[in-house]
Structures are given as structure tokens and as C-alpha cells.
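A.B. asks: Model the structure of this input:
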Amino acid sequence: MKNDNVNDNNSINIIRGFAIFSVICAHVAHVNSNYSKINIIAGNIIGSIGTIGVPIFFIISGYLFAKGNHSVRNFFEKKATNLILPWTFTGSIVYFYVSLRKGGIGLSEYMKFLIGNGSYLYYLTILMIFYFVFFRIRNTKIVIYFILVLSIFSIHLTSKNLLGTLNPYLNPLNWAVYFCIGLNILNYNLFNKVLQISKRTFIIWVLVLVVFCYRMIQYNDSITYWSDYYFLFIISNSMIIIKLSTVDRIRNCSLISKFGSKSFSIYLLHMPFAGIITNLTNRFDNALLTLIRPLLTICLVFVFIIVYENILEAQPRKKFLKLLVGLRD
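C.D. replies: Here you go, the predicted structure:
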């Protein structure tokens, strides 16, 4: 196993903090189509930011997966406890909450929701598939490159609507490129190099982002996962986030770091909060309210988690109760 010879945990938590903010953006971006142009643009910008988080989480997952040195049994026993258990528990609660609001509870719909067919949980389904597929081949560079190229081809076909009715979010090949990038960052000991490149090219990526923002305003649309130019968008934003994670003032920001350290729990719990915030703010045609939705949502979820943790302090089974909502010590 290769090591980066740096303590990268804090940088990863900072990057996770930005990534989970992005994921929340994706779920609070809806703006009524009859609202003002500036409000619709605000929604488009938030929606575009919302496409950054999932690829970054896959890159981080691939990187951390490559660092692991566990037996098959120990690895998947651990994942059953700290991933599948909270995924099923919180996903069930969110499903029944949504069903009670909108109606239509059914076993088939419930199972589809849990695997991410039409829900935010597709990330966990794809992640588990990657764990099974890559466990034996994570150090086999030729196979990793083959899957990476195949993934880029799949994304291209998806962008051209050539894969029929296949759900693009549940197509593992549409995400494998990012997991493979994470594997290669570890396999080639590139963590420090990526940090250095992000510092040297920061201005370039900011200018690229400005061009994207101008385009969104000019054409009144948003960036999607399957846009022809999405790769440039995700690369530019990833490099900006990586550079920001090295800035002392941000590295020392305990709030962003805590968001990152609790990102899994925030991810599992944020949907009801996101729905409520979006519903309330969408009653007003106000771009400022639209723009602050992600911040309101992540702060509310974070406060809920802190209160939950404090309540559990006196509970004898607090470790298990924390695991149920994805909190890890």
C-alpha cells in the first residue's frame, strides 16, 4: 500500500464539506417556471453546483478504498454495519415520510427508492457495486484503465441519449471513471501532486468557471451530468475545491471540517429538510431566498445531528443509535 506521506485527513474532510454542500444544492434547486428570470438563473446556478458533489465523493471513495488493506469478510462486515444499516434505516424513514406526504406506499416502490431508482440513494447502490467489482482488481492498473475508458464511452453514449431507457444514475459505468481516478491517485501516489497542480492552476480554473457562469446566464440553462462539456466543468470545480482545501483559513475552519466529517449522516438525513426548505422558499419569487436554500438546509441538518448526538450521550446504546443515522466515531 502506498502512502502520501502527509496527513491528508483534514484536507479530505474539507473537500467532503464542499461536496456535501453541493449534493444539497442539487436537491433544493427547483424554481417555478413562471418566476422571474433572475430567480430561474439562481436555481440554474444552484442546480449546476449540485452536479459537483457526487463525482467528488466517488473520487474520495476510490482513494480511501485503495488505501484499505482488509480481508473480504472483514471489509464487507464493516460495510454492512456502517453503510448498509444506516442506508436502509434512514432510507426507509425518508421513503415513508415522502409517501405519507404524497401517497402511494408499496413494496415495489419502496425497494426502488432504496436502490436509488428515482431517489437520491443511487450513490450508495453504485458504491456497493464498485466495492464488489474492484475488491480484487484495485491494484490491477490495466483493468482499471480499461474500465475508465469504458466509463467515458458510456457517459458519451448517455449524453447522446443512445442507451435507451437505462437509468443513467443507476448505470455504474457512468460513475466508474471517478472511482477509478480515486484509485489511481493512491496507486500512483498523486495526492500531493494534485494539491500542487491545483495551487498553480487556480486562476485558470476560476476563469473557466466564470465562462460557465456567463454561459448559464446567457442561455438561461444549467450544467447537467450528461452535458458534452460536463467533464471540463467537474475538473475545474474539483481543482478549485482542492485548492481551497489547502488555504489555511479554510483548513482551520472547524465548521467546514465538521460538515465533512459528518457528510455521510448529512447525506442520509438531508432530503426531508431540503424538501421543506424548497417548498417554503418557493412560495416567494425571490432569488436571494433561492440562493440561501443550500446554506439553510445544511445548517438545519447539522443542528439536528448535533442535538441528536447530545440526546444520545446518556443512552447506553448510543454507539448503535449513532450508526443508525450514519454517524461514525
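A.B. asks: show me what contacts Lys318?
C.D. replies: Leu312 (C-beta atoms under 8 Å, 6 or more residues apart in numbering). (Each C-beta comes from the backbone N, C-alpha and C, glycine too.)
A.B. asks: The residue nearest to Ser222 when sequence neighbours are not counted: neighbour count?
C.D. replies: The shortest distance from Ser222 to any non-neighbouring residue, by C-beta to C-beta, 6 or more residues apart in numbering, is to Asn44 (3.9 Å). Using other C-beta atoms under 10 Å, Asn44 has 20 other residues around it.
A.B. asks: again, but for Arg16
C.D. replies: Arg16: 25 neighbours (other C-beta under 10 Å).
A.B. asks: Could you identify the helix or strand that succeeds the worst-scoring helix or strand of the chain on mean pLDDT?
C.D. replies: Ranked by mean pLDDT, DSSP states H and E, the weakest helix or strand in the chain is helix 248-251, scoring a mean of 89. As assigned by DSSP states H and E, the chain's next helix or strand after helix 248-251 is helix 254-261.
A.B. asks: What residues sit buried inside that following helix?
C.D. replies: Ile256, Ser257, Phe259, Gly260, Ser261 (16 or more other C-beta atoms under 10 Å).
A.B. asks: In the protein, where is pLDDT below threshold?
C.D. replies: 1-8, 329 (pLDDT under 70).
A.B. asks: One more pass at 80, please.
C.D. replies: Filtered on pLDDT under 80, the chain yields the residue ranges 1-9, 68-70, 101-105, 329.
A.B. asks: center of it, which residue is that?
C.D. replies: Among the residues of the chain, the one closest to the centroid is Val54, at 3.1 Å (C-alpha atoms, centre = their mean).
A.B. asks: In contact with that residue, which residues are there?
C.D. replies: Taking C-beta under 8 Å, 6+ apart, we find Val54 in contact with Ala19, Ser22, Val23, Ala26, Tyr123, Trp175.
A.B. asks: got it, and Lys37?
C.D. replies: Asn220.
A.B. asks: who's in contact with the residue lying closest to Lys199 once chain neighbours are set aside?
C.D. replies: Distances taken as C-beta to C-beta, 6+ apart put Lys243 closest to Lys199, at 5.6 Å, once the chain neighbours are dropped. Going by C-beta under 8 Å, 6+ apart, Lys243 touches Ser198, Lys199, Phe202, Trp205.
A.B. asks: Buried ones among those residues?
C.D. replies: Buried among the contacts of Lys243 by 16+ other C-beta under 10 Å: Ser198, Phe202, Trp205.
A.B. asks: Among those, which lie within helices?
C.D. replies: In helices, judged by DSSP state H, the following of these are found: Ser198, Phe202, Trp205.
A.B. asks: I'd like to know how far the last one sits from Ser198.
C.D. replies: The one in question is Trp205. 8 Å (C-beta to C-beta, to the nearest Å).
A.B. asks: where do the contact lists of these two overlap?
C.D. replies: In contact with both Trp205 and Ser198: Met239, Ile240, Lys243, using C-beta under 8 Å, 6+ apart.
A.B. asks: Go through those and name the one nearest Ile40.
C.D. replies: Using C-beta to C-beta, Ile240 comes nearest to Ile40 of the shared contacts of Trp205 and Ser198, at 24.6 Å.
A.B. asks: does that closest one really touch Phe202, like I thought?
C.D. replies: Yes. Ile240 is in contact with Phe202 according to C-beta atoms under 8 Å; the separation is 6.9 Å.
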